[in-house]
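S.K.: Build me a model:
(one chain, ligands or ions: 1)
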Amino acid sequence: MAPGPIIVLTGTPGTGKTSTAQLLASSSTSLTPPLPLRHINVGDLIKEKSLHDGWDEEWQSWDVNEDKVLDELERLIDERPDGEGLILDWHTCDAYPERWPDLVVVLRCDHALLWERLEKRNYPMNKIQENNESEIMQVVLDEAQASYPAEIVVELKSETPEDMEGNVDRILEWAKVWREQRVGEEEEEF
Ligand SMILES: Nc1ncnc2c1ncn2[C@@H]1O[C@H](COP(=O)(O)OP(=O)(O)OP(=O)(O)O)[C@@H](O)[C@H]1O
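M.R.: Alright, predicted model coming up:
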């Protein structure tokens, strides 16, 4: 069996990547036949495996070492079991090699709603402002569109629980079609 798809799930912090990825990963096993999608929270991985060069006090975040992150992700990609796909959940996406993603999902959210979400998390004001401006200026969407072919980049609204459920359904539908195409290609090669 061939490996499953690599889905890049990106967006400004607070747009709902982790919540969506968790629902997507848990729902993916209920497909028939199952197409397990493993959720990789890249931010957590950076902390757990120390893939950084220390803590940035001003921005209250880790100074990420991209080379280490890419090496670790490459290892996870190469070692994934047959049939398993990966969801790469991170607030940036242009560091990944172009060959990695089969789908790039950019979550979007109204900036006032995003402000509220980040305030609830007790983010420092400079970080709330920076993320808010970034969402208004669609920085992550531009980054995704500049880095990957247009046909694999999709922008999805993530403002309500219904949006999230609809987004997960859409991604699962995409995964089913992706798998059918792969099986067809394998049969042709055979
Ligand atoms: N579609 C949605 N509808 C309602 N609430 C949402 C939605 N998406 C996210 N939220 C809420 O917004 C907050 C941030 O969500 P989440 O942690 O999933 O975002 P994130 O993009 O992964 O953030 P970060 O990049 O900082 O990890 C959470 O409280 C979550 O419950």
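
S.K.: Just give the closest residue to the one residue in the chain that gets nearest to the ligand, not the sequence neighbours.
M.R.: Of the residues in the chain, the one nearest the ligand is Gly16, at a distance of 2.5 Å by Cβ to the nearest ligand atom. Placement of C-beta: from N, CA and C, glycine included. In this structure, Gly16 finds its nearest non-sequential neighbour in Ser158, 4.0 Å apart by Cβ to Cβ, 6 or more residues apart in numbering.

S.K.: what sits against the one you found?
M.R.: 11, 15-16, 20, 107-109, 164, 167 (Cβ atoms under 8 Å, 6 or more residues apart in numbering).

S.K.: one more time with 7 Å, if that's ok
M.R.: Ser158 makes contacts with 15-16, 20, 107-109, 164, 167, as judged by Cβ atoms under 7 Å, 6 or more residues apart in numbering.

S.K.: Mind checking which of those land in helices?
M.R.: The helices in this structure, assigned by DSSP state H, contain 20, 164, 167 from these.

S.K.: Throw together a ChimeraX command that grabs the buried residues out of the residues you listed.
M.R.: Of the ones in helices among the contacts of Ser158, the buried ones go into a single ChimeraX selection, burial set by 16 or more other Cβ atoms under 10 Å:
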select :20,164,167
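
S.K.: Out of the ones in helices among the contacts of Ser158, which are close to the ligand?
M.R.: The residues of the ones in helices among the contacts of Ser158 that also fall near the ligand, by Cβ under 6 Å from any ligand atom, are Met164.

S.K.: In JSON lines, list the ones in helices among the contacts of Ser158 along with pLDDT.
M.R.: Formatted as JSON lines, the ones in helices among the contacts of Ser158 follow (pLDDT from 0 to 100):
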{"residue": "Thr20", "pLDDT": "98"}
{"residue": "Met164", "pLDDT": "98"}
{"residue": "Asn167", "pLDDT": "98"}
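
S.K.: need the ones in helices among the contacts of Ser158 in JSON lines with distance to Thr29, can you?
M.R.: Supplementary listing: these in JSON lines, determined by distance: Cβ to Cβ, whole Å:
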{"residue": "Thr20", "distance to Thr29": "16"}
{"residue": "Met164", "distance to Thr29": "18"}
{"residue": "Asn167", "distance to Thr29": "18"}
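
S.K.: so the residue of the chain closest to the ligand touches Met164, yeah?
M.R.: Yes: counting by Cβ atoms under 7 Å, Gly16 does reach Met164; the two are 6.1 Å apart.

S.K.: how about the residues of the chain near the ligand?
M.R.: For the chain, the contact set with the ligand under Cβ under 6 Å from any ligand atom comprises 11, 13-19, 43, 91, 117, 158-161, 163-164.

S.K.: Which ones among these map onto strands?
M.R.: For the residues of the chain next to the ligand, the ones inside strands are Gly11, with DSSP state E as the criterion.
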